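1. Sequence and predicted model, in that order:
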Amino acid sequence: MVKITAQASHPFSTADKAAALALTPVSRETEARLDRYVDLLVEWQAKTNLVASSTLPHLWTRHVADSLQLLSLAPTAKAWVDFGSGGGFPGVVLACALAETPGANVHLVERNAKKAAFLREAVRVTSAAATVHLAGIGDSVDRIGSRVDCVTARALAPLHQLVGFAEPFVKEGAKALFLKGQDVEAELTEATKYWNIEPRLHSSRTGGHGWIVELDRIERRNPSAITYGDRA
């Protein structure tokens, strides 16, 4: 029998939260911020589709812990860009965890106005270290206009498109971390048709068949070709 949290409206179990924080421990201050964020997400989920409803019972392990695990792959990164932030994974979760880090900021790029409004409210109630950009991904380079340490995306687009989006930032020294599913090998094969990359693959701590693709270098195979990153 699933044990429901004190707030009856929550669809997830206390065991799921405990399992998530065992996988990716955080400070009490960050946990409090994440609690406020999750409360808000569950409230908004009733009127805006932020995550697949089928994943709500495992929201902490499926989404929160999946996002937090990126911090260990870029432990010194302070300036992050999250493409297509949507419901806030991983961007808002990272911003909650970085809220006490001087100089940290997560740029949340989202072109859907309703989801951007949710992200602004999430940043407000959590006092997270983030800036929301209501924009397409292709506009993010000009809007951000400052050095970025790490680029992220989750459940957004095929890998060869994400590589194109990330190229301008990685060329300036950023790392790219993309959360992908079980078809990652096929996506890498497709991506190498367009890009010279040396990916490092990390198995997700949260189980299942998830992977994290880490890229420190991106070069076009045909520099004159128009790619998805140019048209985003």
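-> Perfect, I can see it now.
2. Assign a three-state SS to Ala153, would you?
-> The three-state label given to Ala153 by DSSP: H, G, I helix; E, B strand; the rest coil is strand.
3. what does Thr48 give?
-> Per three-state DSSP, Thr48 ends up coil.
4. Now do the contacts for the residue most central in space within the chain.
-> What sits nearest the mean C-alpha location of the chain, by Cα atoms, centre = their mean, is Pro90, with 2.5 Å. Applying Cβ atoms under 8 Å, 6 or more residues apart in numbering to Pro90 gives the contacts Asp66, Ser67, Leu68, Leu70, Asp82, Thr152, Arg154, Leu179. From N, CA and C alone the C-beta is placed, and that goes for glycine too.
5. go again using 6 Å as the cut-off
-> Ser67, Leu70, Thr152, Arg154 (Cβ atoms under 6 Å, 6 or more residues apart in numbering).
6. Just send those residues back as CSV, with pLDDT too.
-> Listed next are the contacts of Pro90 as CSV, based on pLDDT from 0 to 100:
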residue, pLDDT
Ser67, 98
Leu70, 98
Thr152, 98
Arg154, 95
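7. what bits of the chain have low per-residue confidence?
-> 1-9, 223-232 (pLDDT under 70).
8. List the buried residues for whichever helix in the chain runs longest?
-> Ordering each helix of the chain by length in residues (DSSP state H) puts helix 28-45 first. Under the neighbour-count criterion of 16 or more other Cβ atoms under 10 Å, helix 28-45 has Thr30, Arg33, Leu34, Arg36, Tyr37, Val38, Leu40, Leu41, Val42, Trp44, Gln45 buried.
9. next one: it to chain centre, how far?
-> 16 Å (Cα atoms, centre = their mean, to the nearest Å).
10. helices and strands around that helix, which ones?
-> Packing partners of helix 28-45 (3 or more Cβ pairs under 6 Å, 6 or more residues apart in numbering; DSSP states H and E): helix 91-97, helix 113-126.
11. rerun that using 10 Å as the cut-off
-> helix 14-23, helix 59, helix 66-68, helix 91-97, helix 113-126 (3 or more Cβ pairs under 10 Å, 6 or more residues apart in numbering; DSSP states H and E).
12. Output these in JSON lines, with mean neighbour count and distance to Arg143 appended to each entry.
-> Below are those laid out as JSON lines (neighbours: other Cβ atoms under 10 Å; distance: least, Cβ to Cβ, whole Å):
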{"stretch": "helix 14-23", "mean neighbour count": "17", "distance to Arg143": "32"}
{"stretch": "helix 59", "mean neighbour count": "23", "distance to Arg143": "30"}
{"stretch": "helix 66-68", "mean neighbour count": "26", "distance to Arg143": "22"}
{"stretch": "helix 91-97", "mean neighbour count": "29", "distance to Arg143": "15"}
{"stretch": "helix 113-126", "mean neighbour count": "19", "distance to Arg143": "13"}
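13. And those: which comes nearest Thr76?
-> Closest approach to Thr76 among the helices and strands packed on helix 28-45 is made by helix 91-97 (13.6 Å; Cβ to Cβ).
14. Quick check: can you name the pairing partners of whatever helix or strand comes next after that closest one and their directions?
-> Heading C-terminal from helix 91-97, the first helix or strand you meet, by DSSP states H and E, is strand 105-110. With DSSP bridges as the test, strand 105-110 is paired with strand 79-83 (parallel), strand 130-134 (parallel).
15. Most tightly packed of those strands?
-> strand 79-83 (a mean of 27; mean count of other Cβ atoms under 10 Å).
16. Distance from the chain centre to that strand, please.
-> For strand 79-83 - counting by Cα atoms, centre = their mean - the centre lies 8 Å from the chain centre.
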